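Student: Here's a sequence, model it:
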Amino acid sequence: MAFERKTMESIVQGMVDWSRGVSSKITDFSIGSRSRTMMEAVAKELEEYYDKTWRAMRNAIGQGIYSAFGFPKLPALYSTGTVTFGRATPADTNYLIPVGTLVKTQATSSKAPISYRTTVDAIMATGAKSVNVPVICLTPGLDGNTEAQTITDFVSKPTGIDTVFNGSALTNGKEEETGDEQKNRFKKFIASLSRGTLQSIEYGATIVQLTDATGLATERVVDCQAFEDLPARKGEVDCYIWNGVGTASPELFADIQKTLTGYYENGKPVYGYKSAGIQINLFSVTTKPVSIRLTITFNKGVTLESLQSDIEREIRDYFSGVKQGEILIQTELETRIKLLSGIYDVKLDLSVDGGKSWSDTNPTAGKTEKLVPQFPVIYREPGV
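Tutor: Model (predicted):
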C-alpha cells in the first residue's frame with residue numbers, strides 16, 4: 001500500500017466524520033467552534049508528522065538505491081585561485097615562499113576569517129617586488145569563495161614578504177553534490193551501461209573531477225549535454241559542460257577528453273565511453289543568471305534566520321535539477337519552499353535582467369544555456 005501524505009484539511013474531515021459516526025452529543029463542527037478548533041490543533045501536528053515522514057522515506061529509498069550501486073554523493077569542492085605576495089622594495093636576495101604558507105581573509109561582523117594555503121614552492125627573485133602563487137582554501141564549499149582584494153592577512157608571514165592580496169575573486173568552491181545532482185548523475189549512469197551512445201558520453205563526462213596534489217577535489221563536471229547533427233556533421237558530437245560554478249577550465253576539458261576516448265594505465269586499457277572514430281567537441285555551458293525575491297509569511301515564533309539556510313538549500317537543489325535548455329517552473333520552486341516546516345505562505349518573483357524587472361513567469365534557458373540562481377536572495381516581508 002502506498003504511503004499517503006495527508007493534509008490538515010483531510011485529517012480534520014476524517015475526525016469530523018468519525019465523531020459524527022460514534023456520538024450524537026457533539027453537533028457543531030463549523031469553523032471556529034470549540035470542537036473543530038481542538039481537532040485542527042491535533043491535525044496540524046499530524047500534517048507536520050506526515051510531511052516529515054514523507055521526506056524521510058523519500059531520502060531513505062533514494063539513498064538505499066545509491067548504496068546498493070556504490071554510488072555516493074560527490075564531495076564538496078575546494079576554492080582555488082592565485083594570490084600575489086609583495087614587497088615595498090625590490091628583493092635584495094631570493095626569498096622562499098614555501099608550499100603550505102597560510103594566508104587568510106579579514107574577519108567581519110558576520111563571518112570568521114577563511115584561510116588558504118599555497119600549493120607550490122615559490123621564489124621572490126632578487127630585484128622583484130611581487131610574485132604570484134596558487135592557493136587552495138582549507139575549508140571546502142562555498143565558504144572559500146571570496147571577492148578580489150579580500151585575502152590580505154598572513155597566518156604565518158614568510159621571510160622577506162610584506163603584503164599579500166588576491167587580484168581576482170575565487171569562485172570555484174562548491175558544496176557537496178545535491179540530492180537532485182546525484183539523482184541526475186545516477187540516471188546517466190544507468191543509461192551509460194551500453195557504451196557508445198549519447199547517454200554514455202554524457203555520463204562518462206560526469207565522472208571527471210580534478211584534484212590537487214593532496215587529493216582535494218577542486219573542480220568537477222556537474223552536468224553534460226551531448227548533441228549530434230547527423231546531416232551536417234557526421235561523426236561529431238558536441239558536449240556542453242557545466243562545472244556547477246562557471247566556465248570549465250582547460251584542465252577539466254583535457255581530463256574529459258581522456259576519459260571519453262579511453263587510455264592506458266599501468267599498461268592496462270581503461271576503455272572510454274565514445275565509439276571509435278567519433279570526434280568529441282567540448283564547450284562550456286553559457287549561464288543565464290536568475291535573481292530571486294521571496295515574500296514569506298512565517299508561522300508564529302519562526303524567524304528568517306532559523307530557516308534561511310534551508311530555504312537556500314531548496315533553491316540550490318531545485319536549480320541543480322533544471323537541466324540545460326529547460327524551463328524553470330516557478331510554482332514548483334515556490335511549492336518546495338512553502339513545504340518547509342515553519343512557513344505559512346510564499347510569494348516568489350524572478351528576474352533575468354539583474355533585478356531591473358521582476359515577474360512570476362517561468363524563465364527559459366536556450367539549448368546550451370543553464371539557469372543559475374543569484375545570491376544573496378532578496379527577502380521581503382508581506383505587504384512591502
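Student: Give me the below-cutoff pLDDT ranges for the protein.
Tutor: The chain contains residues with pLDDT under 70 at 1-2, 383-384.
Student: Tell me which stretches of it form helices.
Tutor: 8-22, 34-68, 179-191, 198-206, 250-261, 304-321, 330-338 (DSSP state H).
Student: Phi, psi for residue 354 please.
Tutor: Dihedral angles of residue 354 (phi, psi; degrees, to the nearest 10) stand at phi 70, psi 20.
Student: before we move on, the earlier item: which of the helices of the chain sits most buried?
Tutor: helix 198-206 (a mean of 24; mean count of other C-beta atoms under 10 Å). (C-beta placed from N, C-alpha, C; glycine too.)
Student: who does that one touch, helix- and strand-wise?
Tutor: Secondary-structure packing of helix 198-206 (3 or more C-beta pairs under 8 Å, 6 or more residues apart in numbering; DSSP states H and E): helix 179-191, strand 223-227, strand 236-242, helix 250-261.
Student: Surely residue 329 touches residue 362?
Tutor: Yes - at 5.7 Å, residue 329 counts as touching residue 362 under the criterion of C-beta atoms under 8 Å.
Student: For the closest residue to residue 127 other than its chain neighbours, list the residues it contacts.
Tutor: Nearest residue to residue 127, sequence neighbours excluded (C-beta to C-beta, 6 or more residues apart in numbering): residue 90, at 4.9 Å. Neighbour list for residue 90: 126, 127, 128, 129 [criterion: C-beta atoms under 8 Å, 6 or more residues apart in numbering].
Student: May I have the phi/psi pair for residue 90?
Tutor: The phi/psi pair for residue 90 (degrees, to the nearest 10) is phi -60, psi 140.
Student: now the one 4 residues further on
Tutor: In terms of degrees, to the nearest 10, the main-chain angles of residue 94 are phi -80, psi 130.
Student: list the contacts for residue 89?
Tutor: With C-beta under 8 Å, 6+ apart, residue 89 has these contacts: residue 129.
Student: Nearest the geometric middle of the chain, what residue?
Tutor: By C-alpha atoms, centre = their mean, the chain has its centre lying nearest to residue 316, at 5.2 Å.
Student: Please name the nearest non-neighbouring residue to it.
Tutor: Going by C-beta to C-beta, 6+ apart, residue 316 has residue 178 as its nearest residue, at 6.1 Å.
Student: Relative to residue 250, how far out is the one you found?
Tutor: 26 Å (C-beta to C-beta, to the nearest Å).
Student: What of residue 314?
Tutor: Taking C-beta to C-beta, one finds residue 314 at 34 Å from residue 250.
Student: Give me the domain ranges for this protein.
Tutor: 8-68, 80-165, 179-284, 288-380 (automatic domain parsing).
Student: Out of those domains, the one nearest residue 173 is which?
Tutor: For the domains of the chain, the distance to residue 173 is smallest for domain 80-165, at 3.8 Å, taking C-beta to C-beta.
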